[in-house]
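>>> Below: sequence and its predicted model.
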Amino acid sequence: MTRKGKEIVAGYCWPGRHKEGDNPWNYYDNSEYQDEVDASPRDEVILPKGKYTLEIDYPLSTPFRSVFTVGKEGMTRQKFADFAASKYQFIYSFVQDGMESNSNWNKYGIWGHGIGDLTFHTLYVDEDNLITLGVDS
């Protein structure tokens, strides 16, 4: 899927392992990705004040949307990673052994990947403040 909007480095966050406050870059050997880590600090404000909608569409048949407001101080890369990871964790929160019988599995149509397979690295913010994610698996 082609993403539209301003492209912002989110870090490289595994939502299946991320806990609030974890460095968005902490799952990489920083020596290999040092240029990106140095250029993209976790405390950098990446979203200014405003109302946003995060849309998570991978690996989902039915996109998940969450509306949120960013205060005057803005949202840092760290806080965004915490927020987006928590939304993935919610989507997968009831997924265990019997995925097909899980309400979130059916509601969002999770397909192809468990949460442990996913890594988000980029956010795209369009003119309507809709945020979509670049996700690898």
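Perfect, I can see it now.
>>> ok, now which ones touch the closest residue to Gly5 other than its chain neighbours?
Closest residue to Gly5 apart from its sequence neighbours, by C-beta to C-beta, 6 or more residues apart in numbering: Asp126 at 3.6 Å. Using the backbone N, CA and C atoms, a C-beta is placed for each residue, glycine as well. By C-beta atoms under 8 Å, 6 or more residues apart in numbering, Asp126 lies in contact with 4-6, 132.
>>> longest helix in this protein, by residue count?
helix 77-91 (DSSP state H).
>>> For that helix, what is the distance to the chain centroid?
5 Å (C-alpha atoms, centre = their mean, to the nearest Å).
>>> That one packs against which elements?
If you count contacts as 3 or more C-beta pairs under 8 Å, 6 or more residues apart in numbering; DSSP states H and E, helix 77-91 packs onto strand 6-13, strand 45-47, strand 50-56, strand 64-70, helix 103-108, strand 119-125.
>>> correct me, but Arg3 touches Ile131?
No: in terms of C-beta atoms under 8 Å, Arg3 does not count as a neighbour of Ile131; the distance is 10.0 Å.
>>> anything in contact with each of those two?
Tyr124.
>>> Which one's more surrounded, the two?
Ile131 (24 against 13; other C-beta atoms under 10 Å).
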